[in-house]
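J.: model this:
(chains A and B)
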Amino acid sequence: MRELWQFTKLIRSKNAGPFELTFDIMFKSRESFNDVLKSEALTPKAIARLYRVDVKQVKFFVVEQLLTIKISIPRRVFSGDVGDTDIYGGQFHSPLVRLPVKD
Amino acid sequence: MPKTKIRAVAATGNLSTGFREESLVRAVEQGASFVGCDAGTTDSGPYYLGSGKPRGPREGVKRNLRLVLREALKAGIPVIVGSAGHAGGRPHLEWTLEIVRELAREHDWHFKLAAIDSEIDKDVLADAFNRGEITPLSPAPPLDDRAIRHAERFVAMMGIEPIQQALTAGAQVVIGGRCSDLAIYAALPVLREIPKSVAFHAGKILECGAASAAQRLYPDCMVAELDQDGFTVEPPNPAIRCTPQSVAAHALYENADPYRLVESGGDLDTTDAKYEAVGESAVRVTGSRFTPSNKYTVRIEGATLVGYRSIVIAGIRDPLVLRQLDTFLSTLRPVIERKVSDSMKLSADAYSLNFRVYGRNGTLGDLEQVSEAGHEVGLIIDVVAATQSVAADIIPIASHTGLHHPIPEHEGLISNLAYPFSPGGIDAGPVYSFCINHVWELTEPCKPFATKMEVL
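T.: The predicted structure is shown next:
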């Protein structure tokens, strides 16, 4: 069992406007990209569970050309609202970094 | 077939962050058609739009504008600035215009200045809402007539048309209120018959300045040469390189969808875009498509005053407190609420009291999955109330109650929180929320954007 960061060269999150979050997961190689896709560690269902959103709200894109998985979800707390913890949305990717990936 | 080539220069990703002077000089000397710069974003939250305060530093914005104006005036080319003063409202636009006028006076520069106002009066927006012209995107806060009238400020995000109108009217310097980042760079090329597919895609790559480089060493300029078939992007700074990978990857940045960008007037589709290296540091981009939309819509942004915030910061180090932190905080809350009610006659629903625990889940809140705690945590007691004085008055009640809140393992009076500052309380000012995520259908793209021309 390895962790997602061992397959990637970049895992980031950021606001896509104040109401959505977007995650870019860029892989080191085609092999690591394929390994993670095959492992099903990263799926709309897994994201829905981790981020407590409805699976139907998860936009999930496999960008072959860039060996990238891009995921966007609605923000449960909009940027800057009283209970927000991350105005820019820049640290919401952290639960993904050590996500277990089955070999 | 028009043979026009347009060289678009992006001064930097945000007018307040800067660029290397020599990069801009080189970019313009190589033959530029115009210099553009984005000055705003909603990224830093609703405060700037709500309060009407620009985000500085003013001296930084002035330095950057001085260099952009100097080079552009020397070359006789237009300058286009979008989302002035960070939020693009009327006070933000006025703040930026004042800097431009000041520079013109100081340097004896003369030019025709266009100011495009993108602030939307509440009555105008409420009327549009009641006529059914405002529709929600997803997710969107609930909106009605009352919410519109209760808000502090609204802006509409202009497309390319108001900028084109100002350029056609002979403006050399265009300062826009809230503006699509892409429109800053697409307006002039489209006016000179560059296809929208090329112009908008180039705009997306340019809008963050040097961010589309393989390694952005520091904020800097970026140049794109646009023609009928595509565009070539190249950093004017020889220390910075673009690669097909870096340019393609930048198209993903801050967008919810990697292939489709919804703009006023149509959608940019980059599914079939090709990115090819040209020489050492340039990238040729072709193959994107632009599909005009049936309806012309502009995105609306707005902010509402929610209250005023005061906070106090404390450290907790005692391992006995830390091992029962959840109980400590959940039993502390009702004691604070009771004291606030007794002394200030305020019920708990009249303010918000939020314990932010750094070292536990301060960053992720209820999404945090790691449960092991470290040897200390940082606590922010965060109070938002109807006025600043009420919030400021709740803070000493909360901090003093927390200081002496008991745990069973220690008998007698104990101090459980370490406050690093005297006074402990910090007034953080007004708190706003984004209150709208809707689009407005327009019959005429320039209609809500009043443009004023001024000869300096």
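J.: can you pull the contacts of the residue located most distally from the centre of chain A?
T.: Relative to the mean C-alpha coordinate of chain A, counting by Cα atoms, centre = their mean, the farthest residue is A:V82 (24.5 Å). Residues counted as contacts of A:V82 (Cβ atoms under 8 Å, 6 or more residues apart in numbering or on different chains) are B:V306, B:G307, B:S352, B:N354, B:V384, B:V431, B:S433. Heads up, the C-betas are built off the backbone N, CA and C, glycines and all.
J.: first vs last residue of stretch B:419-437, how far apart are they?
T.: Length of stretch B:419-437, first residue to last, Cα to Cα, to the nearest Å: 40 Å.
J.: can you count the residues close to B:D227?
T.: By other Cβ atoms under 10 Å in any protein chain shown, the residues close to B:D227 number 17.
J.: And for B:V223?
T.: B:V223: 25 neighbours (other Cβ under 10 Å).
J.: I'd assumed B:A27 was in contact with it.
T.: Yes: with contact defined as Cβ atoms under 8 Å, B:V223 counts as touching B:A27 (5.1 Å).
J.: Now do the shared contacts for those two.
T.: In contact with both B:V223 and B:A27: B:V9, B:P236, using Cβ under 8 Å, 6+ apart.
J.: who in the stretch 351-456 of chain B is up against chain A?
T.: B:352, B:354, B:356, B:362-367, B:369, B:384, B:431-434, B:437 (Cβ under 8 Å from any Cβ of the partner chain).
J.: Wait, a helix at B:W440?
T.: No: assessed with DSSP: H, G, I helix; E, B strand; the rest coil, B:W440 is strand; it does not lie in a helix.
J.: Quick check: it vs B:A84, distance?
T.: Separation of B:W440 from B:A84 (Cβ to Cβ, to the nearest Å): 20 Å.
J.: okay, these two: which has more neighbours?
T.: Using other Cβ under 10 Å as the criterion, B:W440 and B:A84 rank with B:A84 on top: 33 against 24.
J.: Can you tell me the SS state at the more buried one?
T.: Quick answer, by three-state DSSP: B:A84 is coil.
J.: nearest spatial neighbour of it, skipping sequence neighbours?
T.: Distance criterion Cβ to Cβ, 6 or more residues apart in numbering or on different chains; nearest residue to B:A84, sequence neighbours excluded, is B:T96 at 3.9 Å.
J.: The spatially closest residue to A:V55 that is not a sequence neighbour: which element?
T.: Nearest in space to A:V55, with sequence neighbours left out and distances taken as Cβ to Cβ, 6+ apart, is A:A48 at 4.0 Å. Here A:A48 sits within helix A:44-51, counting by DSSP states H and E.
J.: quick check, the residue nearest to B:A84 in a strand?
T.: No: B:T96 is assigned helix when assessed by three-state DSSP, not a strand.
J.: which stretches of chain A form strands?
T.: A:2-3, A:8-15, A:20-27, A:59-63, A:68-74, A:100-101 (DSSP state E).
J.: okay, the ones you listed in JSON lines with distance to B:V233 next?
T.: JSON lines is the format used below for these (distance: least, Cβ to Cβ, whole Å):
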{"stretch": "strand A:2-3", "distance to B:V233": "35"}
{"stretch": "strand A:8-15", "distance to B:V233": "20"}
{"stretch": "strand A:20-27", "distance to B:V233": "20"}
{"stretch": "strand A:59-63", "distance to B:V233": "19"}
{"stretch": "strand A:68-74", "distance to B:V233": "19"}
{"stretch": "strand A:100-101", "distance to B:V233": "35"}
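J.: picking that back up, wait, the residue nearest to B:A84 touches B:S83, no?
T.: No: B:T96 lies out of contact with B:S83 (Cβ under 8 Å); the separation is 9.6 Å.
J.: Please list the residues of chain A that sit near chain B.
T.: Counting by Cβ under 8 Å from any Cβ, the residues of chain A close to chain B are A:14-20, A:22, A:24, A:26, A:50-52, A:59, A:61, A:63, A:65-66, A:68, A:70, A:72, A:74-75, A:77-88, A:91-92, A:94-95.
J.: mind checking how far B:A450 is from chain A?
T.: From B:A450 across to chain A, the span is 25 Å (Cβ to the nearest Cβ, to the nearest Å).
J.: Over to B:A8?
T.: Distance from B:A8 to chain A, by Cβ to the nearest Cβ: 24 Å.
J.: which residues touch the helix or strand harbouring that residue?
T.: In the assignment (DSSP H and E), B:A8 maps to strand B:6-10. Under the contact criterion Cβ under 8 Å, 6+ apart, strand B:6-10 has outside partners B:24, B:27-28, B:30-38, B:185, B:188-189, B:192, B:194, B:202, B:206-209, B:221-227, B:236.
J.: Which of these fall in helices?
T.: Among these, the members falling in helices (DSSP state H) are B:L24, B:A27, B:V28, B:Y185, B:L188, B:P189, B:A202, B:L206.
J.: ok, and the most crowded of those residues?
T.: That'd be B:Y185 among these, by other Cβ under 10 Å, with 34 neighbours.
J.: what sits against the residue nearest to that residue when sequence neighbours are not counted?
T.: Spatially, and ignoring its direct neighbours in sequence, B:Y185 is nearest to B:G203 (3.6 Å; Cβ to Cβ, 6+ apart). Listed by Cβ under 8 Å, 6+ apart, the contact partners of B:G203 are B:D181, B:L182, B:A183, B:I184, B:Y185, B:A186.
J.: Distance to A:E31 and pLDDT for these - can I get that in CSV?
T.: Shown next, in CSV, are the contacts of B:G203 (distance: Cβ to Cβ, whole Å; pLDDT from 0 to 100):
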residue, distance to A:E31, pLDDT
B:D181, 36, 96
B:L182, 35, 97
B:A183, 41, 98
B:I184, 40, 98
B:Y185, 37, 98
B:A186, 39, 98
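J.: Which of the residues you listed sits closest to B:P445?
T.: B:A183 (10.3 Å; Cβ to Cβ).
J.: so who does the residue nearest to the closest one when sequence neighbours are not counted touch?
T.: Nearest residue to B:A183, sequence neighbours excluded (Cβ to Cβ, 6+ apart): B:I160, at 4.5 Å. Applying Cβ under 8 Å, 6+ apart to B:I160 gives the contacts B:S180, B:A183, B:A186, B:A187, B:V190, B:S264, B:G265.
J.: where does the residue in the stretch 51-200 of chain B that chain A sits nearest to land in three-state SS?
T.: Of all residues in the stretch 51-200 of chain B, B:P139 sits closest to chain A, at 4.4 Å by Cβ to the nearest Cβ. Secondary structure, three-state DSSP: B:P139 is coil.
J.: doesn't B:I436 make contact with it?
T.: No: here B:P139 lies out of contact with B:I436, judged by Cβ under 8 Å, at a distance of 11.8 Å.
J.: which ones are touching the residue nearest to B:H86 when sequence neighbours are not counted?
T.: Spatially, and ignoring its direct neighbours in sequence, B:H86 is nearest to B:R55 (3.9 Å; Cβ to Cβ, 6+ apart). By Cβ under 8 Å, 6+ apart, the residues touching B:R55 are B:S16, B:S44, B:Y48, B:G85, B:H86, B:A87.
J.: hmm, back to that, farthest pair in the ones in helices among the contacts of strand B:6-10?
T.: Most distant of these, by Cβ to Cβ, are B:L24 and B:P189, 19.4 Å apart.
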